[in-house]
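1. the sequence and its predicted three-dimensional model are supplied below.
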Amino acid sequence: MKKLIAASAIALLLAGHAAASSINIAHSAAAPLSLKVDGQAVLPQVPPFHSNGILYVPALALIEFYPVQLQWNNVLKQLTLTTGWDNKVLTPGSSSIQVRYTQTDGSYKDSLEAPVILKAGHVYIPADSLNSLTGATTELEAGGTRVAITPGSLSTTVRVPADPLVVAGDNAKVKLYAALKDGNTYKGFILEVNGKKHSFDWTVDRDFSNPPQLFYADVDSDGKPEVTVVFTVGTGTSLVVQEVHVVKPEQWKELSVPAADQAASAVLSSSISIDQNDVLLKLELKGATPSKVTMRIPDRAEDGLKYFGKTAGIGAVTYYSVKDGKLLADTSLMVGMTESMGTLKLEYKAGTAGMELGSITFEPHDTTQQFVEK
């Protein structure tokens, strides 16, 4: 579909070629610029250029990463950018934009940093305006001969970026790429190990502040390293949610890994009660090394069980990691709405159907250690 849109857009823009001479274009005679989007060269026949100190990029670049259709009106000499929510009308020689909403009768005028230019039958817009139009950022790379566009949250590009999202810190030949960016979501990934690639249909939010993590280590103790991918899928006040994927690259087989909160819940029993002026939290951990912990929270009885509940909560904050060849997880143990009493520390091991819980311990915070009864 995008190729059809692109082809029709090019044909429509070329229809305006005869009118190109109506705009007087002054641009630098420096070495020609090239354009790349998401790390890949695009539109070699429609290069960016400078005019009056302003960097211009072809409007055609929009369809490389943005959900838009371009339509050239050769009579009015106008280019319309049509999305699912509005139409923007650009007129060569003008820096004014007429914006009309598609679902309502509303409209308004906006402006670019410099006038639109029609050059050799193609419409060019100021590079800095891509940010206000699409959320993308534009950079003139070192050397001054290549313009790089990095799409923002509205990117729908299906190209695999030349640069990976993340490279494993312990092996530069292990890389993770985004296969598809759809709005604020990554839909699908490509994992590369020692030059070989495989696609996975993992879907996660595009969280720029918490990029994926990548590890390469033998976490199932079979003598061959696995790839462990950790995504942050949710953050908020007293909330961090991560998910983990473990892949055996020889067969591109993904091993099942029980989520930390579920694995912990299966071996932990807890109870909360009132003891005079205090609140008692009792924990019992089952497994290979069973243990019991009692925590006395002083002078909180007045808050009552309506606030504390009858059992502890697990998993509001979860982090996965790989260290010394072990797949690890830290997940919080909470009481009340947001009070963390400590961390459940999990170590995974190989199981019959994938990874399974190997051991679990409870570690109170420095601030709650005083509540632990000896």
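-> Perfect, thanks for sending it.
2. count of neighbours near the residue nearest to L81 when sequence neighbours are not counted?
-> Distances taken as C-beta to C-beta, 6 or more residues apart in numbering put K88 closest to L81, at 4.3 Å, once the chain neighbours are dropped. Placement of C-beta: from N, CA and C, glycine included. The number of residues packed near K88 is 16, by other C-beta atoms under 10 Å.
3. which neighbouring elements make contact with the helix or strand where D261 lies?
-> Here D261 sits within helix 260-267, counting by DSSP states H and E. Counting by 3 or more C-beta pairs under 8 Å, 6 or more residues apart in numbering; DSSP states H and E, the packing neighbours recorded for helix 260-267 are strand 313-323, strand 326-335, strand 339-350, strand 355-364.
4. flag the shaky bits of the chain, pLDDT-wise.
-> Segments of the chain classed as low confidence (criterion: pLDDT under 70) are 1-31, 153-154, 158.
5. can you tell me the strand partners of the helix or strand hosting Y216 and which way each runs?
-> If you go by DSSP H and E, Y216 is part of strand 213-217. Strand 213-217 sits in its sheet next to strand 226-236 (antiparallel), going by DSSP bridges.
6. what is the subsequent helix or strand relative to the partner strand?
-> Next helix or strand after strand 226-236 toward the C-terminus (DSSP H and E): strand 239-248.
7. other SSEs contacting the helix or strand following that following strand?
-> Once strand 239-248 ends, the next helix or strand along the chain (criterion: DSSP H and E) is strand 253-255. Strand 253-255 sits against strand 239-248, with contacts defined as 3+ C-beta pairs under 8 Å, 6+ apart.
8. just list what the strand it packs on packs against, helices and strands only.
-> Short answer (3+ C-beta pairs under 8 Å, 6+ apart): strand 239-248 packs on strand 196-205, strand 226-236, strand 253-255, strand 313-323, strand 326-335.
9. let's see 10 Å
-> Counting by 3 or more C-beta pairs under 10 Å, 6 or more residues apart in numbering; DSSP states H and E, the packing neighbours recorded for strand 239-248 are strand 185-193, strand 196-205, strand 213-217, strand 226-236, strand 253-255, helix 260-267, strand 313-323, strand 326-335.
10. what is the three-state secondary structure of D222?
-> coil (DSSP: H, G, I helix; E, B strand; the rest coil).
11. then the helix or strand containing the residue nearest to L81 to PDB, C-alphas only?
-> For K88, the element it lies in under DSSP H and E is strand 86-90. Presented in PDB, the C-alpha positions along strand 86-90 are these (Å, rounded to 0.1, in the frame of the first residue of the first chain):
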ATOM      1  CA  ASP A  86      -6.200  16.400   9.000                       C
ATOM      2  CA  ASN A  87      -5.200  17.900   5.700                       C
ATOM      3  CA  LYS A  88      -2.300  20.400   5.500                       C
ATOM      4  CA  VAL A  89      -2.000  22.600   2.400                       C
ATOM      5  CA  LEU A  90       1.400  23.900   1.400                       C
END
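12. got the end-to-end distance for stretch 110-120?
-> 26 Å (C-alpha to C-alpha, to the nearest Å).
13. report the buried residues of that stretch.
-> 112, 114-119 (16 or more other C-beta atoms under 10 Å).
14. ok, those vs L255, which is closest?
-> L112 (51.3 Å; C-beta to C-beta).
15. any idea how far A59 is from the closest one?
-> L112 sits 11 Å away from A59, taking C-beta to C-beta, to the nearest Å as the criterion.
16. overlap of the contact sets of those two?
-> Residues touching both L112 and A59 by C-beta atoms under 10 Å, 6 or more residues apart in numbering: 90, 125, 133.
17. which helix or strand contains the last one?
-> When elements are defined using DSSP H and E, L133 is found to belong to helix 129-134.
18. next helix or strand past that helix?
-> As assigned by DSSP H and E, the chain's next helix or strand after helix 129-134 is strand 137-140.
19. helices and strands around that following strand, which ones?
-> Using 3+ C-beta pairs under 10 Å, 6+ apart, strand 137-140 is in contact with strand 54-58, helix 129-134, strand 146-150.
20. reformat the ones you listed as TSV; add mean neighbour count and distance to D182.
-> Listed next are these as TSV, based on neighbours: other C-beta atoms under 10 Å; distance: least, C-beta to C-beta, whole Å:
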stretch	mean neighbour count	distance to D182
strand 54-58	22	23
helix 129-134	19	14
strand 146-150	20	16
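21. looking at the ones you listed, which is closest to V42?
-> The closest of the helices and strands packed on strand 137-140 to V42 is strand 146-150. By C-beta to C-beta, the value is 8.5 Å.
22. and the angle for that closest one with strand 54-58?
-> If you take axes from the mean of the first three to the mean of the last three C-alpha atoms, to 10 degrees, strand 146-150 sits at 70 degrees to strand 54-58.
23. strand 146-150 pairs with which strands?
-> strand 34-37 (parallel), strand 137-140 (antiparallel).
24. quick one: closest of the ones you listed to Y186.
-> strand 34-37 (16.8 Å).
25. quick one: strands adjacent to whatever helix or strand comes next after that closest one?
-> Later in the chain than strand 34-37, the nearest helix or strand by DSSP H and E is strand 40-42. Strand 40-42 has its sheet partners listed here by DSSP bridges as strand 34-37 (antiparallel).
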